[in-house]
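In: missing the sequence, but the structure's below:
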């Protein structure tokens, strides 16, 4: 049986953000400059709670901790003269990502239960039941132009190292901005449709669909997939918009042409940590389509 309008309406509702807010405030409150050697630090949420696409049962909140006094530059688009101009104004930073990562982790261990993962630090507390995944990063700048210090143009991202070795660059602020704009242009249906799709994925997993598991369609990629659906398919209520959006993905989408919402690359590219595989995308599209139309 196809999803009924009441099922779609229920799945489109946002999960409770209160515990996420408390977890974020507790982590932010711990990371004061005096405890981090007077480091200039920015702490902000990312992921489903920040993007307002969280659903009932989402298990953690994603938090970025960024060192603002150092950054990694990507200068491959600059001309040789611009690279020379850049060198006049910036020296190599004295503090490394590993040093900053270790300093932040030490502070968190003083206040919380901490478990280090390959990418993020899992933080738990006996006071707040919702754990936090803390991503410790340095700023990253993707330079477009550097004719002068005043005229420099760059895209701001973050950089960190999985397992302390493999470089990963993300652009969380651009992602959030693009998704917020998509939601505005679709009259609020985009975020609702993302929540329905995430619930749909969870139902497919719970029903023991042999082709889909937790690694097939991470929430970030589902959000990015639906961001590529033309705005017109989201018109009206989510009860009608969601089946239309999934239908477009099944019948008309050209996966190889899809971009990340952050505008910094293809959704199906060559970078293992920041791109998705087309076979996995097709599996989740097929599964969600079956749910919506069976």
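Out: That came through, no problem. Remember, it's a predicted structure, so these values are computed and weren't measured experimentally.
In: Just give me the neighbour total for residue 149.
Out: 11 (other Cβ atoms under 10 Å). Quick note: C-beta positions are derived from backbone N, CA and C, even for glycine.
In: pretty sure it contacts residue 82?
Out: No. The pair residue 149 / residue 82 is not scored as a contact, 11.4 Å apart, by Cβ atoms under 8 Å.
In: Can you check which helix is longest in this structure?
Out: Identified as the longest helix of the chain according to DSSP state H is helix 189-206.
In: Next SSE downstream of that one?
Out: Downstream of helix 189-206, the first helix or strand assigned by DSSP states H and E is helix 219-227.
In: any residues touching that following helix, and which ones?
Out: 47-48, 51, 53, 175, 178-179, 182, 190, 193-194, 197-198, 201, 245, 249, 258, 260-261, 267, 276, 281, 284-285 (Cβ atoms under 8 Å, 6 or more residues apart in numbering).
In: hang on, residue 283 packs against residue 213?
Out: No. Between residue 283 and residue 213 there is no contact under Cβ under 8 Å: 9.7 Å.
In: what about these two, which has more around it?
Out: A count of neighbours by other Cβ under 10 Å puts residue 283 above the other of residue 283 and residue 213, at 18 against 13.
In: Just list the residues touching the closest residue to that one other than its chain neighbours, thanks.
Out: In space, and not counting its chain neighbours, residue 283 is closest to residue 211: 4.9 Å by Cβ to Cβ, 6 or more residues apart in numbering. Listed by Cβ under 8 Å, 6+ apart, the contact partners of residue 211 are 283, 286, 287.
In: Can you tell me how far residue 211 is from residue 130?
Out: Distance, residue 211 to residue 130, using Cβ to Cβ, to the nearest Å: 31 Å.
In: just residue 108 next, same as before
Out: Residue 108 is 16 Å from residue 130, by Cβ to Cβ.
In: for residue 98, same thing?
Out: 28 Å.
In: Next up, the contacts around the residue of the chain most remote from its centre.
Out: The C-alpha centroid of the chain is most remote from residue 81, which lies 34.9 Å away (Cα atoms, centre = their mean). Listed by Cβ under 8 Å, 6+ apart, the contact set of residue 81 is empty.
In: Check whether residue 28 really touches residue 42, as I assumed.
Out: No. Using Cβ under 8 Å, residue 28 is not in contact with residue 42; the gap is 9.9 Å.
In: Give me the contact list for stretch 105-118.
Out: Against stretch 105-118 from outside (Cβ under 8 Å, 6+ apart): 26-27, 30-31, 35-36, 121-126, 133-134, 136, 162-163.
In: What residues of it count as buried?
Out: 105, 107, 108, 112, 114 (16 or more other Cβ atoms under 10 Å).
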